[in-house]
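Student: below are the sequence and a predicted model for it; my questions follow.
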2 protein chains.
Amino acid sequence: MPHRHDLNPRVSVDNVILGFDDENLNVLLIGRSLADGKMDDVLALPGDLIYENENLDMAAQRVLHELTGLTNLFLQQAGAFGDPDRLSKPKDRAWLKTVRQEPEVRVITIAYFTLINMHEFAPQPASFAQSVQWVPIQDIGDLAFDHNQILKTCLSRLQETIAIKPVGFNLLPTKFTLGQLHKLYEAILEKPLDKRNFRRKIQKLGILTHLDEKQAGVPHKPSRFYKFNEIKYRELAETGFDNFGF
Amino acid sequence: MPHRHDLNPRVSVDNVILGFDDENLNVLLIGRSLADGKMDDVLALPGDLIYENENLDMAAQRVLHELTGLTNLFLQQAGAFGDPDRLSKPKDRAWLKTVRQEPEVRVITIAYFTLINMHEFAPQPASFAQSVQWVPIQDIGDLAFDHNQILKTCLSRLQETIAIKPVGFNLLPTKFTLGQLHKLYEAILEKPLDKRNFRRKIQKLGILTHLDEKQAGVPHKPSRFYKFNEIKYRELAETGFDNFGF
DNA sequence: CCAAAAGTGTTGAAGTTACACCCATGC
DNA sequence: GCATGGGTGTAACTTCAACACTTTTGG
């Protein structure tokens, strides 16, 4: 019988941690080191087996915390992935042998995604990660396991979500410009959005408060800074935009 | 090491199977019999542990098939549920002892929902179910495990989905009236919809073809029958309605 | 003739799209 | 003065919400 603080060998969580650098979406990926100390050349989403005494959300928060030092963030479940062969690529199996007690066991993973401000933390190696790096989304090649599929699903879910709720704000610094927000939406939705229409629409939501402060040191007309009206923001995040079809 | 056709003792699937009787949404629930042969008075969603050699979708299809005889249905994953105490209610534990080799093991479950035509099959007891019944959604009381929570999540997901894709058509017979479809949407969304606006909108989607046939034997003006334009239907189901906010 | 659901159009309000120019700043 | 992104309004169009009466049938 398993003890409560044991690892559950069959279930893991994987996190798609997204950051924004005013231009592109980036994903936080980890590198793996092999038995001989060399680095694997395949990157992976950060993830870990769950403990017997923690629920899935807690496990995802734990992984996020170990990697970023951040706690209590918005973290949305995107689905479960459990094809029997998801751990069967040779490089993945080699790596599993170095870190898992039972490397051959089939593992079902629950995928989460979150949005964080790229500049508010320094990624640090964690128990499950020898190296950590931000990778622009369009530069991501073959990932470990089924992580390309997981990433794709999470991005779709994010696109659906952002159309209904004011998500994505966690990606920005506390003071930000409408230009940044605009580029963020374009990056997430992967399509250009008309500037004037975007501004009108986003302001009508009533979740932005403008500050008196302006940008300084920019070689163009300085932009006004905005912050969120937290209260309205939370309200809207719960009810959604009512952007429904019926 | 587990054999490929063994059960995975830690991971299950649970299905929310929805049917429509022209009035209410119904959920297919199973009754459980205890060690002494008596029936438990708590109903449950149909579900089962997964096998080592099947993926999650296949496991959900298997549960659905064993119960309904139906194969290859639209089945959407709604999320993973894995609180450590989700199996800890006394009645649930008593039942688990009668059916599981390792009744104390923590099980993470993946929830799916599907929509089927209530009249096109006869529910039959399955290996995991001693009795099967349709229960109107508003009459559902306390369910086993965390099944009330799972049901709630699935219904929300269905509401979100139906606003974006033409789901829900599987719930109806192949020939149906706009009145039936209208009531179905009201049942799923739990709110009244204006008749004229609904008809206009649903017809503009271009997925309905009207037949020359009409209702007979009804004590009111007979309604025209419609069927789906499968091709358009599939197209729309993939792309969605473009009902998005940005 | 009564009950019951089918079927049908219009209007005003709101929202969406598309589009072009001037502004403030650093260099 | 030039390059850069900031900031703004309008008109045509589409969509949405609200609303009431006539039709066909069975009984």
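Tutor: Alright, I've got the coordinates. Numbers count the residues shown, from 1 in each chain, chains lettered A, B, ... in the order given.

Student: now do the helices in chain A.
Tutor: For chain A, applying DSSP state H gives helices covering A:56-68, A:90-99, A:147-162, A:178-189, A:195-204, A:230-239.

Student: run a quick neighbour tally on A:Ile164.
Tutor: Residue crowding around A:Ile164 was assessed by other Cβ atoms under 10 Å in any protein chain shown; the count is 21. C-beta coordinates here come from the backbone N, C-alpha and C atoms, glycine included.

Student: nearest residue to it other than its sequence neighbours?
Tutor: Nearest in space to A:Ile164, with sequence neighbours left out and distances taken as Cβ to Cβ, 6 or more residues apart in numbering or on different chains, is A:Gly240 at 4.7 Å.

Student: that neighbour reaches A:Ile162, doesn't it?
Tutor: No - using Cβ atoms under 8 Å, A:Gly240 is not in contact with A:Ile162, being 11.2 Å away.

Student: of those two, who's got more company?
Tutor: Between A:Gly240 and A:Ile162, A:Ile162 has the larger neighbour count (other Cβ under 10 Å), namely 20 against 15.

Student: who in chain A is up against DNA strand D?
Tutor: A:177-179, A:195-197, A:199, A:219-224, A:245 (Cβ under 7 Å from any atom of the strand).

Student: which of the residues you listed come close to chain B?
Tutor: The subset of the residues of chain A next to DNA strand D within reach of chain B, by Cβ under 8 Å from any Cβ of the partner chain, is A:Gly245.

Student: weed out the non-buried ones from the residues of chain A next to DNA strand D.
Tutor: Burial by neighbour count, 16 or more other Cβ atoms under 10 Å in any protein chain shown: within these this picks out A:177-178, A:199, A:245.

Student: just put the residues you listed in TSV and tack on distance to A:Gln138 and pLDDT.
Tutor: Converted to TSV, those look like this (distance: Cβ to Cβ, whole Å; pLDDT from 0 to 100):
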residue	distance to A:Gln138	pLDDT
A:Thr177	24	96
A:Leu178	24	96
A:Arg199	26	97
A:Gly245	31	70
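
Student: could you dump the residues you listed to CSV with distance to A:Val16?
Tutor: Converted to CSV, those look like this (distance: Cβ to Cβ, whole Å):
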residue, distance to A:Val16
A:Thr177, 26
A:Leu178, 26
A:Arg199, 29
A:Gly245, 28
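
Student: including distance to DNA strand C, could those go into JSON lines?
Tutor: Output for those, formatted as JSON lines (distance: Cβ to the nearest atom of the strand, whole Å):
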{"residue": "A:Thr177", "distance to DNA strand C": "13"}
{"residue": "A:Leu178", "distance to DNA strand C": "13"}
{"residue": "A:Arg199", "distance to DNA strand C": "10"}
{"residue": "A:Gly245", "distance to DNA strand C": "12"}
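
Student: any weak-confidence spans in chain A?
Tutor: Along chain A, the model assigns pLDDT under 70 to residues A:1-5, A:122, A:124-130, A:242-244.

Student: how is it partitioned into domains?
Tutor: A:7-162, A:175-239 (automatic domain parsing).

Student: farthest pair within the residues of chain A next to DNA strand D?
Tutor: A:Pro219 and A:Gly245 (44.3 Å; Cβ to Cβ).

Student: just the helices of chain A: most buried one?
Tutor: helix A:56-68 (a mean of 21; mean count of other Cβ atoms under 10 Å in any protein chain shown).

Student: run through who's touching that helix.
Tutor: A:12-13, A:15, A:17, A:28, A:30, A:46-48, A:50-51, A:54, A:70-73, A:75, A:77, A:110, A:112, A:114, A:116, A:121, A:123-124, A:126-129, A:132, B:80-83, B:108 (Cβ atoms under 8 Å, 6 or more residues apart in numbering or on different chains).
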